[in-house]
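>>> pasting the structure only:
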């Protein structure tokens, strides 16, 4: 901002740094991850709660770190129960 004189919103848009907070968009990604990781889902449902972080990590990876972590965790809790 100091070098270019551009505002924060302009820089965020130019560098594609916008966070993905849309529940609909994140939900599609999460459902695909759950579908593609049936073995981990089975183990999670059998009581291996540490795999929750696996699903969070896979979602963050799929969104290239742009997913809203709070929304991701809420949606995962919904779909993993």
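That came in fine, so what should we check first? These numbers come from a predicted model, not from an experiment.
>>> only C-alpha atoms from now on, for both contacts and neighbour counts.
Fine.
>>> and the helices in this structure?
Using DSSP state H, the helices of the chain run over residues 8-14, 23-36, 38-45, 51-62, 69-80.
>>> export those to JSON lines and append columns for distance to residue 2.
Below are the helices of the chain laid out as JSON lines (distance: least, CA to CA, whole Å):
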{"stretch": "helix 8-14", "distance to residue 2": "10"}
{"stretch": "helix 23-36", "distance to residue 2": "33"}
{"stretch": "helix 38-45", "distance to residue 2": "46"}
{"stretch": "helix 51-62", "distance to residue 2": "30"}
{"stretch": "helix 69-80", "distance to residue 2": "29"}
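>>> which stretch in those helices is the model least sure about?
Between the helices of the chain, the one with the least mean pLDDT is helix 8-14; it has a mean of 62.
>>> which of the helices of the chain sits most buried?
helix 51-62 (a mean of 17; mean count of other CA atoms under 10 Å).
>>> just want the angle from it to helix 69-80.
Going by axes from the mean of the first three to the mean of the last three CA atoms, to 10 degrees, helix 51-62 is angled at 120 degrees with respect to helix 69-80.
>>> which elements pack onto helix 51-62?
Counting contacts by 3 or more CA pairs under 8 Å, 6 or more residues apart in numbering; DSSP states H and E, helix 51-62 packs against helix 23-36, helix 38-45, helix 69-80.
>>> how far off centre is that helix?
Put simply, helix 51-62 sits 7 Å off its chain's centre (CA atoms, centre = their mean, to the nearest Å).
>>> ok, stretch 42-58 next?
For stretch 42-58, the separation from the chain centroid amounts to 15 Å (computed by CA atoms, centre = their mean).
>>> what's the end-to-end length of that stretch?
Stretch 42-58 has an end-to-end distance of 16 Å (criterion: CA to CA, to the nearest Å).
>>> what residues does that stretch touch?
Stretch 42-58 is contacted from outside by 33-34, 40-41, 69, 72-73, 76, 80-81, using CA atoms under 8 Å, 6 or more residues apart in numbering.
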